[in-house]
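[1] what follows is a protein structure lacking sequence information:
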């Protein structure tokens with residue numbers, strides 16, 4: 001148990017696509033695929049109870065996990081205003097996803113579908129955990145946080161029947177750029193690097209292959225646009241074949 005929360009973990013470094021990593025990915029895939037079965041269960045009482053309990057439970061897990069993350073950094077002397085403010089995309093969507101789960105807010109869903117799924121998939125597939133492999137707290141914290149964000153958006157899509165629109169995609173791109181501008185100003189004021197706008201991460205990452213600053217920011221914009229478009233394709237294809245008016249278009 002001492003090793004679970006320690007700053008100097010001696011259980012071995014995290015290895016990308018190791019058995020422990022693959023097990024987590026498989027479990028997340030299975031949980032999200034299970035929604036395809038759950039949504040078809042005809043019992044109204046089951047649907048009502050499951051939906052309420054699932055949404056509340058996942059919201060509590062996301063918020064508790066994020067709180068423990070801040071507490072751990074405080075206790076180990078790593079919490080600073082330059083690194084721990086909830087300004088990174090996934091930190092923001094921990095709180096937005098919890099709010100969406102508790103309220104069913106569609107406008108939050110529009111952003112959660114594109115930015116939540118698109119932003120959290122990369123840390124799930126290629127997390128940087130350094131020395132913190134299973135069973136350290138950091139290992140669980142990263143996958144619960146990012147996995148919960150993805151699962152919340154997928155749940156609302158498959159079980160609650162929410163869906164994004166072309167307008168949702170446009171709003172996501174617009175507001176994300178506005179948010180980046182605001183965070184860029186904060187970075188200048190406190191000499192931080194939230195959203196990695198000021199410079200590349202100190203540790204190795206996929207950003208390293210996207211060119212120098214500021215060109216890698218434009219490359220990230222392009223990757224984001226492609227990813228958002230890919231996420232929307234299933235709905236675009238369904239609309240083409242159904243040729244029906246999109247229910248959420250006027251939202």
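    It's in. Small disclaimer: the values here were computed from a predicted structure and weren't measured.

[2] how many neighbouring residues does residue 125 have?
    13 (other CB atoms under 10 Å). C-beta coordinates here come from the backbone N, C-alpha and C atoms, glycine included.

[3] which residue is the nearest non-sequential neighbour of it?
    residue 25 (7.3 Å; CB to CB, 6 or more residues apart in numbering).

[4] likewise for residue 122?
    Nearest to residue 122 is residue 206, by CB to CB, 6+ apart, at 7.1 Å.

[5] about what we covered before: what strand or helix carries the residue nearest to residue 125?
    Using DSSP states H and E, residue 25 maps to helix 19-38.

[6] that older thread, what count of nearby residues applies to the residue nearest to residue 122?
    Neighbours around residue 206, by other CB under 10 Å: 13.

[7] for it, give its distance to residue 183.
    20 Å (CB to CB, to the nearest Å).

[8] ditto for residue 159
    32 Å.

[9] so which of those two has more stuff around it?
    Remark: of residue 159 and residue 183, residue 183 carries more neighbours, 21 against 18, as counted by other CB under 10 Å.

[10] all helices in the protein, in order from the N-terminus.
    Per DSSP state H, the chain carries helices over the ranges 2-5, 19-38, 44-75, 89-103, 106-111, 117-125, 137-158, 166-190, 215-242.

[11] where among those helices is the average confidence lowest?
    The weakest mean pLDDT among the helices of the chain belongs to helix 2-5, with a mean of 84.

[12] now for that one, which elements pack on it?
    Judged by 3 or more CB pairs under 8 Å, 6 or more residues apart in numbering; DSSP states H and E, helix 2-5 is in contact with no other helix or strand.

[13] how far off centre is it?
    26 Å (CA atoms, centre = their mean, to the nearest Å).

[14] contacts for that helix, please.
    By CB atoms under 8 Å, 6 or more residues apart in numbering, the list of residues contacting helix 2-5 from outside reads 9, 10, 11, 72, 75, 135, 136, 137.

[15] hmm, try it at 6 Å
    Helix 2-5 has contacts (CB atoms under 6 Å, 6 or more residues apart in numbering) with 11, 137.

[16] quick one: buried residues of it?
    By 16 or more other CB atoms under 10 Å, helix 2-5 has no buried positions at all.

[17] that'll do, ta.
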